[in-house]
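Undergrad: Fold the stuff below for me.
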Amino acid sequence: MISLHRQEANFERLYGLLGATERPDNGGFIRRFPVRRGSEFTFVQAADVDWIEGLGDYAGLHVGGKTHLIREALTSLEARLDRKQFVRIHRSTIVQVERIVRMEPSVNRDAVLTLRDGKTLRLSRTYRSRLEELLK
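TA: Numbers count the residues shown, from 1 in each chain. Below is the predicted model of the structure:
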């Protein structure tokens, strides 16, 4: 029988291989995310992700009404995402630009974004100029 530690190490190696979906024909960006469910992996297409939440060493992929956890920090994930499709709006949030339907000014040059599904997210003034550049 395989020890739990060894099984976990095998899953981490497999996750790394499955996560290596960046290809030259798509600019080297992530096309899909391997999502672990027990002892199985399923895939979430990048185009289906509404927004991504940083959770320490993990990221929560919000797709429709579901959240899928992946083991990758938001900073490293951000570097592998298509910058024309995804934009960081807060230190703990990345959003798919096409999901944004409204931007309302808030205090301190911050703003509140509303997504297609009605979800509201805070846009920090630190990241506002990058989003405005993409929305032009």
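Undergrad: any idea how far residue 92 is from residue 68?
TA: Residue 68 is 17 Å from residue 92, where distance means C-beta to C-beta, to the nearest Å. In this view, the C-beta of every residue, glycine as well, is placed from N, C-alpha and C.
Undergrad: more crowded one of the two?
TA: Between residue 68 and residue 92, residue 68 has the larger neighbour count (other C-beta atoms under 10 Å), namely 19 against 16.
Undergrad: does that one sit in a helix or strand, and which one?
TA: strand 66-70 (DSSP states H and E).
Undergrad: Mind listing the strands that strand pairs with, and their directions?
TA: Here strand 66-70 has these sheet partners by DSSP bridges: strand 58-63 (antiparallel).
Undergrad: buried residues in the strand it pairs with?
TA: 59, 60, 61, 62, 63 (16 or more other C-beta atoms under 10 Å).
Undergrad: for stretch 91-107, same thing?
TA: Per 16+ other C-beta under 10 Å, stretch 91-107 contains these buried residues: 92, 93, 94, 95, 96, 99, 100, 103.
Undergrad: Do I have it right that the fifth one meets residue 61?
TA: No. Residue 96 is not in contact with residue 61 according to C-beta atoms under 8 Å; the separation is 10.5 Å.
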